[in-house]
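1. sequence-free structure coming up:
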Ligand code: ADP
Ligand code: ZN
Ligand code: ZN
């Protein structure tokens, strides 16, 4: 490459106005070191900031350019593939590139050099003589192979010395697939678990995956398999094939499923080839994980959504388990969905993207129906264990019969049966706390948060009212702050109340509870799950934290205290969410040898979502839901972009939102629908007033471009823009 004198640098500042490239001169001393993707230190105004080199130029935009001060040598440069991915994300999600880069880049370490001890071995299955045949013209590489021929593994340094070879010789051998660089930990002989023999159904699915992997091209497959059908076993064997092909893999799990148990299943099969990645890692552990990956010491990462940015150089397979999960969406900038990023990364790498779920997102199921994704199905649970029988209980009827308890008679009776038989029960309610709001019976006043337009939730154990959005808490008032009446009390139920009622009704039962109030206490979550696993608890009460992924063979009854909470949400995805939640939570029952039962309590027993969940019939749910989406013009038939404007001064927020909406309306094509300006569903949050505009249309690229232009134009035209908070959400999931 001809040497170009200027580096194009994105600086680590997050201001929308600075969302552009700055040119810096490269001093002669750094000529060799500044590469594409290098992390650099540059002067900016009167400060020094970090930045990333994203290109080179012959000319600078300005006459006087400053010099790059230093290059961070202790982090490898960002690969050009990840740089492309970052640019795509910035454009797709209308987010400053610097913000995207900060999400992708590993933290910079203070110390230099890697502490990982490397070792080399001949690739398992290869014979030295055969390899030597291929290396007649590469004497140094051949020397390395000769030395490795009768050694199981050798640390890098002595090997290079003996063979009089260099690191680049090793790299060449690695690229040809003759040797493997491993960490010294890997030397310890590990007893790895053997793959299971697949069921005929699993076998057919794996054949299709294998074909796709062999092609080495981008493809997307949707593995639709009922809960307990053995999807994980399929993933494990797909990973083994990908590894044999010499390529690397990313496995994404939703945050909630990233338990030791789950990661353990991958470790048991692949040992030290696996690195785990989750939000609890310390910065040091993160750095080490990234170093293991970019150094080629591991070939599989198992982690939460940001593991999608793992700096592998030859990615062959990306797996998203439970692809419908909301935790794949990041709700802070950059607001990306790991599924979409995975598809893009698969495209850039010629990799297979394998999405798995028992309840696929409507978007993915739709893409499978149009042929964009190849559909693979597992219809049976392993060993043909039956799916649990689901009873729907009409709560209106309970009231008519004079039962005011939060448990229907059916549910009470079935819990008692389980206690008699010493089997276990899970009780699910998707709201924590004791009661959901506090109301004065005389004047009707509801106690709300001081900073948010939200009512406070009563937590009995702490004797407090809490805001679930901003964390504000206050003591329970003795009297109504409006009228002074003492007849003030809580309504609506939460998990804390369910726990209390269970203890009252079944005093002999051992009861545990799991929700975010509890599991924030460190280690407590594991403790409770462990106790439940060992059958030290009879009943586990919890929020969606217990709905997903957990595998307790002793559970034969699942009770859904109310299916209505999520059905009633003012969101076009309410039906989809409810179906997914009901199916997932029902899937916790009957995983062992004894069949399971589910009781769903609802005021809405003939709702089609409830009926479809009762029959475990995803197809029926999907067919109805997709028609509704089409009729009402919702995704996947259109794209939505939400612009949320917030600020302390309500009038300015309204003014800004109105002006901006006006601008957007004049700039967009007539077929793009602009909804609003209107107050957001939660009008005030953490002392900020919130207004929004929603764009609806099917040509996303054009919508994005127009919106980007409008943002720029509006920010340049008025000072008001800079004093408001802007939040842009492309393909938003929830819109509270
Ligand atoms: P899913 O991920 O679809 O919910 P899992 O992969 O957890 O299902 O499988 C359910 C259970 O069946 C697990 O305990 C798993 O070990 C077991 N299993 C799945 N496939 C096989 C197989 N081919 N041979 C033996 N056990 C299997
Ligand atoms: Zn009152
Ligand atoms: Zn609040």
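-> Everything's here; your move. Since we're looking at a predicted model, the values are computed, not measured. Ligands and ions are numbered 1, 2, ... in the order given.
2. number of nearby residues for the residue in the stretch 301-450 of the chain that ligand 3 sits nearest to?
-> Closest approach between the stretch 301-450 of the chain and ligand 3, counting by C-beta to the ion: residue 449, at 3.3 Å. To be clear about C-beta, it is placed using only N, CA and C from the backbone, and glycine gets the same treatment. Using other C-beta atoms under 10 Å, the number of residues around residue 449 comes to 24.
3. Excluding chain neighbours, what is closest to it?
-> residue 467 (3.9 Å; C-beta to C-beta, 6 or more residues apart in numbering).
4. For the residue of the stretch 301-450 of the chain closest to ligand 3, give me its contacts.
-> Taking C-beta atoms under 8 Å, 6 or more residues apart in numbering, we find residue 449 in contact with 455, 456, 467, 469, 470, 472.
5. Try it again at 10 Å.
-> 455-457, 465-474, 684-687 (C-beta atoms under 10 Å, 6 or more residues apart in numbering).
6. where does this structure come near ligand 2, residue by residue?
-> Contact residues (C-beta under 5 Å from the ion) of the chain with ligand 2: 440, 442, 443, 445, 480, 482, 483, 485.
7. Wait, the third one touches residue 480, no?
-> It stands for residue 443. Yes: with contact defined as C-beta atoms under 10 Å, residue 443 counts as touching residue 480 (6.2 Å).
8. dump the residue contacts of residue 329.
-> 305, 335, 336, 337, 338, 339, 340, 729, 731, 732, 733, 734.
9. For ChimeraX, write the select line for the buried members of these.
-> Those of the contacts of residue 329 that count as buried under 16 or more other C-beta atoms under 10 Å are selected in ChimeraX with:
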select :305,335,336,337,338,339,340,729,731,732,733
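10. When you compare pLDDT across the contacts of residue 329, which one is lowest?
-> Checking pLDDT across the contacts of residue 329, the minimum falls on residue 734 at 75.
11. Once you drop chain neighbours, what's closest to that one?
-> Using C-beta to C-beta, 6+ apart, the nearest residue to residue 734 is residue 571, at 6.3 Å.
12. For the one you found, what is the enclosing helix or strand?
-> Using DSSP states H and E, residue 571 sits within no helix or strand.
13. I'd guessed it sits against residue 640; true?
-> No: here residue 571 lies out of contact with residue 640, judged by C-beta under 10 Å, at a distance of 11.7 Å.
14. Briefly note if stretch 379-388 comes near ligand 1.
-> Yes: using C-beta under 6 Å from any ligand atom, stretch 379-388 reaches ligand 1 at residue 382.
15. Span of that stretch from start to end?
-> End-to-end distance of stretch 379-388 (C-alpha to C-alpha, to the nearest Å): 14 Å.
16. Give the rounded mean pLDDT of that stretch.
-> Averaging pLDDT along stretch 379-388 yields 82.
17. Show the model's pLDDT score for the residue nearest to residue 485 when sequence neighbours are not counted.
-> What sits nearest to residue 485 in space, not counting adjacent residues and going by C-beta to C-beta, 6+ apart, is residue 442, at 4.0 Å. Looking at residue 442, its pLDDT is 89.
18. Same check on residue 27?
-> The confidence metric pLDDT takes the value 88 at residue 27.
19. do the same with residue 582
-> Confidence score, pLDDT, at residue 582: 92.
20. Would you list the phi and psi of the residue of the stretch 301-450 of the chain found nearest ligand 1?
-> Of all residues in the stretch 301-450 of the chain, residue 382 sits closest to ligand 1, at 3.6 Å by C-beta to the nearest ligand atom. When quoted as degrees, to the nearest 10, the phi and psi of residue 382 stand at phi -60, psi 140.
21. Surely residue 438 forms part of a strand?
-> Yes: Residue 438 forms part of a strand when assessed by DSSP: H, G, I helix; E, B strand; the rest coil.
22. now it: how far from ligand 2?
-> 11 Å (C-beta to the ion, to the nearest Å).
23. What of residue 160?
-> The gap separating residue 160 from ligand 2 is 81 Å, by C-beta to the ion.
24. quick one: contacts for that residue?
-> Shown in contact with residue 160 (C-beta under 10 Å, 6+ apart): 120, 140, 144, 147, 154, 166, 167, 169, 170.
25. what ranges do the helices span in the stretch 301-450 of the chain?
-> With DSSP state H, counting those that start in this stretch as the criterion, the stretch 301-450 of the chain has helices at 338-349, 362-369, 395-400, 409-421.
26. Oops, could you answer that again for the stretch 601-736 of the chain instead?
-> 608-614, 618-632, 650-667, 700-717, 720-723.
27. what's the span of stretch 477-488 from first residue to last?
-> By C-alpha to C-alpha, the extent of stretch 477-488 from end to end equals 9 Å.
28. Show me which positions of that stretch end up buried.
-> 480, 488.
29. Just give me how far it sits from the chain centre.
-> Mean-position distance between stretch 477-488 and its chain equals 43 Å (C-alpha atoms, centre = their mean, to the nearest Å).
30. so how far is the strand of greatest length in the chain from its chain's centroid?
-> Longest strand in the chain, counting residues (DSSP state E): strand 673-685. Counting by C-alpha atoms, centre = their mean, strand 673-685 is centred 26 Å from the centre of its parent chain.
31. helices or strands up against it?
-> strand 639-647, helix 650-667, strand 688-697 (3 or more C-beta pairs under 10 Å, 6 or more residues apart in numbering; DSSP states H and E).
32. Packing partners of the second one?
-> Helix 650-667 is packed against strand 639-647, strand 673-685, strand 688-697, helix 700-717, helix 720-723, strand 725-730, with contacts defined by 3+ C-beta pairs under 10 Å, 6+ apart.
33. Mind checking what helix or strand follows the least confident helix or strand in the chain by mean pLDDT in sequence?
-> Least confident helix or strand, the chain: helix 516-519 with a mean of 73, by mean pLDDT, DSSP states H and E. Using DSSP H and E, the helix or strand that follows helix 516-519 in sequence is helix 524-533.
34. per-residue confidence averaged over that next one?
-> Helix 524-533 carries an average pLDDT of 85.
35. before we move on, what about stretch 645-652?
-> Rounded mean pLDDT across stretch 645-652 is 94.
36. thinking again about what came up before, which residues touch the residue nearest to residue 734?
-> By C-beta under 10 Å, 6+ apart, the residues touching residue 571 are 577, 681, 733, 734, 735, 736.
37. between those, which is closest to residue 328?
-> Nearest to residue 328, judged by C-beta to C-beta, of these is residue 733 at 9.1 Å.
38. rewinding a little: among the residues of the chain next to ligand 2, name the ones in strands.
-> Those of the residues of the chain next to ligand 2 lying in strands (DSSP E): residue 440.
39. For my notes, please list the residues of the chain next to ligand 2 in a markdown table and give distance to ligand 1 for each entry.
-> Formatted as a markdown table, these follow (distance: C-beta to the nearest ligand atom, whole Å):
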| residue | distance to ligand 1 |
| --- | --- |
| 440 | 47 |
| 442 | 52 |
| 443 | 51 |
| 445 | 47 |
| 480 | 50 |
| 482 | 51 |
| 483 | 54 |
| 485 | 52 |
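40. Let me know the closest of the residues of the chain next to ligand 2 to residue 434.
-> Here the nearest of the residues of the chain next to ligand 2 to residue 434, counting by C-beta to C-beta, is residue 440; it sits at 17.5 Å.
41. ok, that closest one touching residue 491?
-> No: here residue 440 lies out of contact with residue 491, judged by C-beta under 10 Å, at a distance of 11.0 Å.
42. By proximity to ligand 1, which residue of the stretch 451-600 of the chain wins?
-> Counting by C-beta to the nearest ligand atom, the stretch 451-600 of the chain gets nearest ligand 1 through residue 551, at 6.2 Å.
43. Now do the same for that residue: its pLDDT.
-> On pLDDT, residue 551 comes in at 77.
44. And residue 99, by the same measure?
-> Residue 99 is given a pLDDT of 90.
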